[in-house]
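[1] here is my input; please provide its structure:
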Amino acid sequence: MTSTLPGPTTTGPATTDATTTARARPADRPAERPAGRPDDRTAPRGPAPRLPRRALPVVPMAVTEAAALLVATSAAQLAWFGRGPQGLAIGDGGVGYGTVSVALTAAWTVLLLVVRADVRPDDLFATGAAAFRDVLRATVVVAVGVSLFSAATQTQISRGWLLVAVPAGLAVLLLNRLAWRAHVRSLRAARRIGTRTVVVGTAAGVAGLRQVLARDASSGLDVVAEVVLDDLDDAPVAHVARTAELVALVERRLAVEGAEGVVVVGSGLVGDEFVRRLSWALEGTDVQLIVSPQVGPVSSRRLQPVAVGGHQLIRVDRVQLGGRQSVLKRLMDVALSAVGLVVLAPLLAGVAAAIRLTSPGPAVFRQTRVGVDGAEFTLYKFRSMVTGADALVTDLVSDDDDARGPLFKMRDDPRVTRVGRVIRRFSVDELPQLVNVLRGDMSLVGPRPPLPREVAAYDRTAHRRLLTRPGLTGAWQVSGRADLDWEEGLVIDLLYVENWTLAGDLAILGRTVGAVLRARGAY
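    Numbering: from 1, shown residues only. Next up is the predicted model:
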């Protein structure tokens, strides 16, 4: 049902029941509507029930952390001392290093629990380096604490053992966190856990947020209701009375839906006072408040808070296309592509022979592509289509329902050979591009290398894909490959171009293995 927020000129009693239908809604008044109504143009498609946010596996993760630390410290003991008996003298007595390993594990585990006592469970499984802050802090405290204990008690703790045990413990903690984070992302993507969320904003803002959530199902935000501000073309909702009424409206919807989060999109429209009063209203509850900064798909490392007169502004740093990271990226490209060509040489020779034996024409297909700054280069691929396939594109485009935008891809392409279907399924046809990477035409990770005819149809926004070298793999590869339409692929590529990091490239390389084995979008 739909209810309205009464304005200062409304006569009669205000609507107080969040499920009561309003008789009329002025164009400049916000309306509340639950998600899932058939006539709601931004409603989700029948969201399945989810577990509450408290179902995040914080306790199981702590148990595996303790177990991993015990394994790491015990392995360090075995690696440093071997199987012989080794003890640590304390005063007039002594204790074995096995006991020391258990004590160190216990202290480390307790420190982890203390450090993360004030951390929201969601933040432990968030994307980014900040999610590992508790692990790094606890590790530093452990290393410093053991050193101080050794100095204060004159206990000769083996420095060699510590130099092995502490880094090993840190490594297993980071790997454990990564594994749990991947597990939580998969649970969220499968709609098994999530945060029931109410969204506040204009219809356009709410719709835009839905598109973002549709692209990232692992965010865990489950929109269960919306408070939509329709057709607000005049002043923001800054009047104190209207602000209080809007806050009360959001509170009612949170209570009705049992929501655990609220997202405000277009906060400038409703006013700073609304966000402040809403945060007051949520004090003492477990409801999280998220405010969209309305800066688009920008990496958090490019966003810096700036305090001005008690207000928080956001500075958006410009895109960094050069510098030390670019040099390291190029060194990684050269090293890994050279090693790859040597290690994969038998496979490359076998695929080339299979292509020559099963269809007429060369084994390697050469094609002109467009690289960084619009420079054209010759791209190498194993031939997976019949000879002269390019000449058939014009006839196929008119029959292809999947051809949207400048990019042309089609399922069940009749030009693909029998061997071609196999090598395309597992992206083996792309391996000769390691030569392009070694030459500097391409990078291991980057946007998809476009054809000149595709670039000719680019607008100014799409041309930003050419600010960096195209990649053998990329965010598009691990996000669906040919299953993505042109607009989705463009958004993903631009997000990469403007926010890439060396660590992000390594993560994409790791995810590429899974994407290739699943063969999703490979045709």
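[2] contacts only, for the residue nearest to the spatial centre of the chain.
    With distances taken as CA atoms, centre = their mean, residue 127 lies nearest the centre of the chain, 6.0 Å away. Going by CB atoms under 8 Å, 6 or more residues apart in numbering, residue 127 touches residue 181. To be clear about C-beta, it is placed using only N, CA and C from the backbone, and glycine gets the same treatment.
[3] quick one: secondary structure of it?
    What DSSP: H, G, I helix; E, B strand; the rest coil gives for residue 127 is coil.
[4] residue ranges of the strands in the stretch 51-200 of the chain, please?
    Taking DSSP state E, counting those that start in this stretch, the strands of the stretch 51-200 of the chain run over residues 87-90, 93-96, 195-202.
[5] rank those by pLDDT, which is bottom?
    Note on the strands of the stretch 51-200 of the chain: strand 87-90 shows the lowest mean pLDDT, a mean of 55.
[6] do you know how far the spatially closest residue to residue 124 that is not a sequence neighbour is from residue 222?
    Once flanking residues are discounted, residue 124 sits nearest to residue 131: 6.2 Å by CB to CB, 6 or more residues apart in numbering. Per CB to CB, to the nearest Å, residue 131 is found 21 Å from residue 222.
[7] could you check which of the two has the larger neighbour count?
    residue 222 (23 against 17; other CB atoms under 10 Å).
[8] doesn't the more buried one lie inside a strand?
    Yes - the assignment for residue 222 is a strand, going by three-state DSSP.
[9] what is it paired to in the beta sheet?
    Following DSSP bridges, residue 222 is listed with bridge partners residue 196.
[10] looking at it now. What's its pLDDT?
    Looking at residue 222, its pLDDT reads 85.
[11] in the stretch 401-523 of the chain, which spans are helices?
    Here the stretch 401-523 of the chain has its helices, by DSSP state H, counting those that start in this stretch, at 418-425, 433-439, 452-456, 475-478, 486-499, 502-518.
[12] of the ones you listed, which approaches residue 340 most closely?
    Nearest to residue 340, of all the helices of the stretch 401-523 of the chain, is helix 433-439, at 5.0 Å by CB to CB.
[13] buried residues, the closest one. List them.
    Across helix 433-439, burial judged by 16 or more other CB atoms under 10 Å covers 433, 434, 435, 436, 437, 438.
[14] before we move on, what about stretch 140-149?
    By 16+ other CB under 10 Å, the buried positions in stretch 140-149 come out as 141, 142, 143, 146.
[15] what sits against the closest residue to the third one other than its chain neighbours?
    Among residues not flanking residue 143 along the chain, residue 166 sits closest, at 5.3 Å (CB to CB, 6+ apart). Residues counted as contacts of residue 166 (CB under 8 Å, 6+ apart) are 139, 142, 143.
[16] for residue 344, see how far away residue 166 is.
    Between residue 166 and residue 344 the computed distance is 37 Å (CB to CB).
[17] how about residue 415?
    Residue 415 is 26 Å from residue 344, where distance means CB to CB.
[18] which one's more surrounded, those two?
    The residue with more neighbours, out of residue 415 and residue 344, is residue 415; 17 against 14, by other CB under 10 Å.
[19] my guess is the more buried one contacts residue 387. True?
    No - using CB atoms under 8 Å as the test, residue 415 is too far from residue 387 to be in contact (9.7 Å).
[20] pLDDT weak spots in this protein?
    The chain contains residues with pLDDT under 70 at 1-54, 82-95, 230-241, 267-271, 388-414, 480-484, 519-523.
[21] domain ranges for it, per the record?
    What automatic domain parsing lists as the domains of the chain is 3-50+194-294, 54-188, 324-518.
[22] and the one helix or strand residue 211 maps to, what's buried?
    In this assignment (DSSP states H and E), residue 211 forms part of helix 203-215. Buried residues in helix 203-215, counted by 16+ other CB under 10 Å: 203, 205, 206, 208, 209, 210, 213, 215.
[23] and the helices in the stretch 151-300 of the chain?
    Using DSSP H, counting those that start in this stretch, helices in the stretch 151-300 of the chain cover 159-189, 203-215, 240-257, 267-270, 272-281.
[24] could you dump the ones you listed to TSV with distance to residue 356?
    Shown next, in TSV, are the helices of the stretch 151-300 of the chain (distance: least, CB to CB, whole Å):
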stretch	distance to residue 356
helix 159-189	41
helix 203-215	41
helix 240-257	63
helix 267-270	62
helix 272-281	66
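[25] isn't residue 121 up against residue 58?
    Yes - the criterion here is CB under 8 Å, and residue 121 meets it with residue 58 at 5.1 Å.
[26] so residue 416 versus residue 359, what's the distance?
    Distance, residue 416 to residue 359, by CB to CB: 10 Å.
[27] residues in contact with residue 215?
    Contacts of residue 215 by CB under 8 Å, 6+ apart are 488, 491.
[28] who's the closest spatial neighbour of residue 372, skipping the chain neighbours?
    Spatial nearest neighbour of residue 372, chain neighbours left out: residue 469 (4.8 Å); criterion: CB to CB, 6+ apart.
[29] can you give me phi and psi for that neighbour?
    Torsion angles at residue 469 (phi, psi; degrees, to the nearest 10) stand at phi -60, psi 140.
[30] wait, what's in contact with it?
    Residues in contact with residue 469 (CB under 8 Å, 6+ apart) are 371, 372, 440, 441, 442, 443, 446.
[31] so the fourth one touches residue 371, yeah?
    Right, residue 441. Yes - counting by CB under 8 Å, residue 371 is a contact partner of residue 441 at 5.6 Å.
[32] name the residues contacting each of those two.
    By CB under 8 Å, 6+ apart, residue 441 and residue 371 have these common neighbours: 377, 469.
[33] for stretch 355-365, buried residues please.
    Neighbour-count burial for stretch 355-365, counted by 16+ other CB under 10 Å, picks out 355, 359, 363, 364, 365.
[34] how about these, which pair is most distant?
    Between any two of these, the greatest separation by CB to CB is 13.2 Å, found for 359 and 364.
[35] any residues in contact with both of the two?
    Contacts common to residue 359 and residue 364, judged by CB under 8 Å, 6+ apart, are residue 383.
[36] once you drop chain neighbours, what's closest to residue 128?
    Nearest residue to residue 128 in three dimensions, chain neighbours excluded: residue 300, at 6.2 Å (CB to CB, 6+ apart).
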